[in-house]
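*Asks:* Sequence and predicted structure, then a few things I'm wondering about:
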Amino acid sequence: MDAKTAAAIERLKQNKQLAEQIMNSGDGHRLMELLAGGDGGAALHRAAQSAAKGDTQELSQMLRGLMQTPDGAQIMGRLSDTAKR
């Protein structure tokens with residue numbers, strides 16, 4: 001996970017209200033749709049469980065893949081900007 005992503009995650013951990021606001025936004029919903037992919041969210045669920053145990057490799061890989069798509073990069077950019085506020 002790169003430093004910018006780690007910093008954004010840390011800000012969200014410290015501000016649960018902001019995290020909730022982001023996840024309830026249109027971009028947050030679209031992000032979850034993109035991450036859920038075609039397997040009904042099974043891979044995302046596994047990645048989230050691993051991340052909760054401290055292993056963020058699978059989740060980081062999913063986010064990197066998402067960032068390689070135009071739609072994903074735009075959404076992540078907007079969410080990152082929101083998290084900085």
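*Replies:* Arrived safely, thanks for sending. Every value quoted in this text rests on a predicted model; they were computed, and no experiment measured them.
*Asks:* Give the closest residue to residue 19 in space, chain neighbours not counted.
*Replies:* residue 12 (4.2 Å; C-beta to C-beta, 6 or more residues apart in numbering). Where you see a C-beta, it was placed from the backbone N, CA and C, and this is true even at glycine.
*Asks:* Residues contacting the lengthiest helix in the chain, please?
*Replies:* Looking across the chain with DSSP state H, the single longest helix is helix 70-84. Residues outside helix 70-84 that contact it (C-beta atoms under 8 Å, 6 or more residues apart in numbering): 4, 8, 11-12, 18, 21-22, 25, 27-28, 30-31, 34, 63, 65-67.
*Asks:* relative to helix 70-84, how tilted is the helix or strand harbouring the residue nearest to residue 19?
*Replies:* Taking DSSP states H and E as the definition, one finds residue 12 inside helix 3-14. Comparing the axes of helix 3-14 and helix 70-84 via axes from the mean of the first three to the mean of the last three C-alpha atoms, to 10 degrees yields an angle of 50 degrees.
*Asks:* From the contact counts, what lies against helix 3-14?
*Replies:* helix 16-23, helix 70-84 (3 or more C-beta pairs under 8 Å, 6 or more residues apart in numbering; DSSP states H and E).
*Asks:* I would like the residues contacting the helix or strand that contains residue 33, please.
*Replies:* If you go by DSSP H and E, residue 33 is part of helix 26-36. Residues external to helix 26-36 that are found in contact with it (C-beta under 8 Å, 6+ apart): 22-23, 41, 44, 62-63, 66, 69, 71-72, 75-76, 78-79, 82.
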